[in-house]
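[1] Starting from these lines, generate the structure:
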Amino acid sequence: MEKLRRVLAWDEALLVAVSRLQRPVATRALRGVTHLGDAQSLTFMGLVLLLVGTAYTRHLGLMLMMGSGLAALLAQVVKRLSKRRRPNAGILGFTALVQNPDAFSFPSGHTAASVALAVAWAGECSGLGLLASAFAALVGFSRVYLGVHYPLDVMAGATLGLIAGGVARLV
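    Here you go, the predicted model:
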């Protein structure tokens, strides 16, 4: 139990350290990134639907849909089981820079969906897998920077995304 307390204290300290990096220009940019990383955003869904709707990219679109959808579903199940409170509810005086999408923090669903999309895209001949991976890393960072997730939430979300994206590639 003591080890868990130390890990959670480290997690909180890292979140607070990242919050000290906040600057207005970066905040605006990372709000945009975090919005694009939301599997429920029109941009995210529009990309997948565009790919599914084109014969040449249909296979890729279905793989991305399956990976990000599975990741989002897994993240929601784990959130409901863990019930970890968001940083602004768990740290006295801490304020998030964006509205929390729900009450629970662990794991990051944005990160899970973005990583799943990157993994599903990896290895496709489009060469965009590396770009999608960089974007997924930026989404994960944005969630901590904006104060809606602890770093461990993002790591867990990335792990779920790796699993979901891998499953999508296998299927």
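
[2] so where does the nearest residue in space to Phe104 that is not next to it in sequence fall, helix or strand?
    Nearest residue to Phe104, sequence neighbours excluded (Cβ to Cβ, 6 or more residues apart in numbering): Lys79, at 4.1 Å. In short, each C-beta sits where N, CA and C put it, glycine included. For Lys79, the element it lies in under DSSP states H and E is helix 58-82.

[3] Can you name the residues in contact with that helix?
    39-40, 44, 47-54, 102, 104-109, 112-117, 119-121, 124, 126, 156-157, 160-161, 163-165, 167-169, 171 (Cβ atoms under 8 Å, 6 or more residues apart in numbering).

[4] Ok, stretch 47-57 next?
    Arg58, Leu60, Gly61, Leu62, Leu64, Met65, Ser68.

[5] gap between the fourth one and Val52?
    Summarising the geometry, the distance separating Leu62 from Val52, computed by Cβ to Cβ, to the nearest Å, is 6 Å.

[6] Let's see the ChimeraX selection covering just the buried ones among the contacts of stretch 47-57.
    Listed next is the ChimeraX selection for buried residues among those, using 16 or more other Cβ atoms under 10 Å:
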select :60,61,62,64,65,68
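
[7] quick check, nearest of the contacts of stretch 47-57 to Arg6?
    The closest of the contacts of stretch 47-57 to Arg6 turns out to be Ser68 (Cβ to Cβ; 33.6 Å).

[8] which one is Ser68 nearest to, not counting chain neighbours?
    Closest to Ser68 by Cβ to Cβ, 6+ apart is Ala113, at 4.3 Å.

[9] Would you mark the buried spots in stretch 80-89?
    Within stretch 80-89, judged by 16+ other Cβ under 10 Å, the buried ones are Arg84, Arg86, Pro87, Asn88.
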